[in-house]
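Novice: below are the sequence and a predicted model for it; my questions follow.
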Amino acid sequence: MSTKTNPGNYFEDFRVGMNIVHATPRTLTEGDASLYIALYGSRFPVQSSSAFARSLGLRGAPLDDMLLFHVVFGKTVPDISLNAVANLGYSSGRFHAPAYPGDTISTVSEVIGLKENSNGKTGTVYVRSTGSNQRNDTVLEYVRWVMVRKKDANSPAPEAVVPELPKAVPIAELNVPSGLALSGYDTDLAGSTFLWDDYHVGERVDHVDAMTVEESDHMIATRLYQNTAKVHFNQHTEKDGRFGRRIVYGGHIISLARSFSFNGLANSFKIVAINGGRHVAPVFAGDTVYAWSEVLGKDDLADRSDLGILRLRLVATKDKNCASFPYKNSEGKYDPAVVLEFDYTVLMPRERQ
Amino acid sequence: MSTKTNPGNYFEDFRVGMNIVHATPRTLTEGDASLYIALYGSRFPVQSSSAFARSLGLRGAPLDDMLLFHVVFGKTVPDISLNAVANLGYSSGRFHAPAYPGDTISTVSEVIGLKENSNGKTGTVYVRSTGSNQRNDTVLEYVRWVMVRKKDANSPAPEAVVPELPKAVPIAELNVPSGLALSGYDTDLAGSTFLWDDYHVGERVDHVDAMTVEESDHMIATRLYQNTAKVHFNQHTEKDGRFGRRIVYGGHIISLARSFSFNGLANSFKIVAINGGRHVAPVFAGDTVYAWSEVLGKDDLADRSDLGILRLRLVATKDKNCASFPYKNSEGKYDPAVVLEFDYTVLMPRERQ
Amino acid sequence: MSTKTNPGNYFEDFRVGMNIVHATPRTLTEGDASLYIALYGSRFPVQSSSAFARSLGLRGAPLDDMLLFHVVFGKTVPDISLNAVANLGYSSGRFHAPAYPGDTISTVSEVIGLKENSNGKTGTVYVRSTGSNQRNDTVLEYVRWVMVRKKDANSPAPEAVVPELPKAVPIAELNVPSGLALSGYDTDLAGSTFLWDDYHVGERVDHVDAMTVEESDHMIATRLYQNTAKVHFNQHTEKDGRFGRRIVYGGHIISLARSFSFNGLANSFKIVAINGGRHVAPVFAGDTVYAWSEVLGKDDLADRSDLGILRLRLVATKDKNCASFPYKNSEGKYDPAVVLEFDYTVLMPRERQ
């Protein structure tokens, strides 16, 4: 028998400060961009049209921010979460230089925290993952924490290190793509006249659109990201697992909900930060996903009159429309239909003065 | 609550002469061309091989004509047919300059007719939609008419305007791609020796090939076209709808049938006109689609000895093979298996003299 | 009625020495490469990253070898196997110059053997198929033999000609891509430190990973390859067929298994030969495919110290994991879970001296 198969890392294999180079650099192309549209139906014009993107000073249509996220995330799975029980959260996600078709993305992760659980069987691993392009420019970094199995319940607990993570990425740390200028932004082609100035904190938008997830859809997506987590693919084992079914990759739900958010947030054309996120409940093939958003914050940028910043909470539900904005009850318990909340920050054009 | 979500237009929102700029210009790429083949298995060599296309004087493999149609159509949905009850017909479709990977397609529509129905609840809207590339060259225009709900049954009926539409696009208005020269057309590589001279008016061809439609297939296609019509995507609402199921986008059936038509019409390499079309019955996942064609007309072009024109009726059925050419009975009633008839015009190489 | 539909060739239509030009040259693009990853989740870095490929002296990320195989194979179907009962075997497959996005692939076949079966109803046809690019360079050649129906049981049997086929492609006939130099091969990015020197003949590797096949998945793949065999697509007829279901294209299983083999053979980055193969049992949607490999042979190359050659047997099973390496019992009968065995040869980097 061979021991050449990747066993993944167990909780006791991680050390704070450890750096991990993840396998399989990936050149993202127009093929991936087309597949992303085919999987989610996204209609944001900057990512759909190179002509539109160029009219804003970009060199072409950038790859969708969440496509980039999924590819960077996918690379970390064999090393970070192959033996994970749960993906617990995200923080401190920052998009740097936009990625374009032809860019090759590599990912490294640094272990920034470890905390064994009191049961002695699992522990939480905190990693900062950084995706870079072929010129070694960072394109995306984010922190996630996952609950990972111990190989041996008797191995000693490491000293607990829990990183302090901000509730949101500070405005001063956000990156506006260089060269971006929104004076030529065409709201007819963009599909909505509602700009940054038209939104207010606390405003909620029901995105109305919805899609039923099929097994092929989520597996095609998850393979595209070269994400190898077994629970998404193997019905032969999952039929005897916790849910009796394959679980849809949580990132697939983020992308569906983000795509639906075009309907009401059509001009939120560029994600600059992922402040946090939680996969509240699993989604399975056959479930229909809906979404709504709440404006959590609004900021202008000292040196820019052409764009502003919105912080958004994106909530996705299954098999329940979002006309009533399902979220949490008065005791802070999630509505049973909620599957995702995702806290992120976007750029949006401002009214011309 | 926010009112920023697109409510779509209702019958009383349309005015004859109104021009609508549709959202989300779309750069079509080699990725879309590959997906189109993956969705329909199309085998026409001009669209499959840039070497073959160049041997005919084109600058590369053009995008499939129906891919272009679907993308232009998809853009119109949020403005024209979000509140539609039925897509009633097509007319006057003309392909202009071929579109190539890298071209960015935008669509505008003009309302050219309006007629309220006697029930006061719905009306027919006629629009001429025009797709253009990034140089503002028209690539496709066509007329369609849809039955759209009124928002308020009490709103007054507009003056009825019903455009006169030709049965077929006149030969003189057809566009032959500039530079196209068929002297080097290779019938071995094209897969058939049957050329324009070999077909006769009234000839019928059973295309034999067939495919069973899956939910993922038609949803991937419909998202690729950024077509947002809810009936294709949301099983959670459609389970309580008229059919209890999601309805396959009618254009998906046109593309399947056109793809099957390679088997018997392999040299019908370029669509130049869409004369008319009707989605006779809905198709659902699990249905198997078959197709046959009848040659409705045959024309030569005054100044061209290398190619001729065929007008074709393409009929698609579900769960019934087309050996008996199912169509209409003697009273003009459709065979219950028929789901589509599509009247279109193609270019085909002629025998060398 | 028209007779312009392709009836395919029957056993008596073939003659030894006959050359067949197959239809539809196909330009493979980055779109096809993305779809290939989306269909199989393949993680080999040479095919995933143009930067990685260039670091080895290639001009970019080559198309996956099996994608090339499927496209060359798909072209032969309408002429060779439309009336086939079974695809019996492969031999003598050699990859020549790597294919890159933008290359146009055409295929020709030569009939090299014919043998009627004693039942008088079928016979075996041996063909050597050759795929070439737009510069007429061979990219792939292989032999396959199929059992084809006779049109007329009374037609006389041809003289039996059975080609002698080698058990494996001789080492001297293998092609190493020109310019390939592995001194810069990065095992961190490649995902495994196990190189040619670390494997031994007889070693077996359970690839652990597995995927459940969906109807959309295999049909999208098979259409992408423009393979028109009806059994993969038409549930309306297959429901009354031998299995009551559509049969998954055998090549789809090869690609799944090859993709899983990354886990344990991550550095087997380039297929140079297909020595043989057998589709032991059909696979249907809903089946979960697993795979394992055995090292059948190991060779170095006289003039190369940077790479070695491994001959591998790849075995795929359905609904049974490969921890026990299911294959044949002591009487040579396959384990009922086995669906594929595939004998092929790869290049692998060697330890630096």
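Specialist: Good, I have the coordinates. Residues are numbered from 1 along each chain as shown, chains lettered A, B, ... in the order given.

Novice: would you map the strands across the stretch 1-150 of chain A?
Specialist: Ranges of strands within the stretch 1-150 of chain A are A:19-21, A:26-27, A:84-95, A:104-116, A:122-132, A:138-149, based on DSSP state E, counting those that start in this stretch.

Novice: and the contacts of the shortest one?
Specialist: Read that as strand A:26-27. If you take C-beta atoms under 8 Å, 6 or more residues apart in numbering or on different chains as the criterion, strand A:26-27 is touched by A:71, A:75, A:102-106, A:226, C:48-51, C:61. In this view, the C-beta of every residue, glycine as well, is placed from N, C-alpha and C.

Novice: hmm, back to that, make TSV out of the strands of the stretch 1-150 of chain A and add mean neighbour count.
Specialist: Listed next are the strands of the stretch 1-150 of chain A as TSV, based on neighbours: other C-beta atoms under 10 Å in any protein chain shown:
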stretch	mean neighbour count
strand A:19-21	15
strand A:26-27	26
strand A:84-95	20
strand A:104-116	21
strand A:122-132	22
strand A:138-149	22
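
Novice: select only the buried ones of the contacts of strand A:26-27 in PyMOL?
Specialist: To isolate the buried ones among the contacts of strand A:26-27 in PyMOL, judged by 16 or more other C-beta atoms under 10 Å in any protein chain shown, type:
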select buried, (chain A and resi 71+75+103+104+105+106+226) or (chain C and resi 48+49+50+51+61)
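
Novice: which of the contacts of strand A:26-27 fall in helices?
Specialist: A:Val71, A:Lys75, C:Ser48, C:Ser50, C:Ala51 (DSSP state H).

Novice: determine which two of those residues are furthest apart.
Specialist: A:Lys75 and C:Ser50 (16.4 Å; C-beta to C-beta).

Novice: and the closest residue to chain B within the stretch 1-150 of chain A, what is it in contact with?
Specialist: In the stretch 1-150 of chain A, the residue that lies nearest chain B is A:Ser34 (2.9 Å; C-beta to the nearest C-beta). The contact partners of A:Ser34, by C-beta under 8 Å, 6+ apart, come to B:Thr29, B:Gly31, B:Asp32, B:Ser34, B:Leu35, B:Leu224, C:Gly31, C:Ser34.

Novice: the closest residue to chain B within the stretch 101-250 of chain A: neighbouring residues, count only.
Specialist: Closest to chain B within the stretch 101-250 of chain A is A:Gly191: 2.9 Å, counting by C-beta to the nearest C-beta. Residues near A:Gly191, counting by other C-beta atoms under 10 Å in any protein chain shown, number 23.

Novice: now swap in A:Ala323 and tell me
Specialist: A:Ala323 - counted by other C-beta under 10 Å - has 11 other residues nearby.

Novice: repeat that for the one 4 residues further on.
Specialist: By the measure other C-beta under 10 Å, the count of residues near A:Tyr327 is 19.

Novice: gap between the nearest residue to it once chain neighbours are set aside and A:Asp287?
Specialist: In space, and not counting its chain neighbours, A:Tyr327 is closest to A:Val315: 5.7 Å by C-beta to C-beta, 6 or more residues apart in numbering or on different chains. According to C-beta to C-beta, to the nearest Å, A:Val315 and A:Asp287 sit 15 Å apart.

Novice: of these two, which one has the most company?
Specialist: A:Val315 (27 against 19).

Novice: stretch A:158-171 spans what distance, first to last residue?
Specialist: 35 Å (C-alpha to C-alpha, to the nearest Å).
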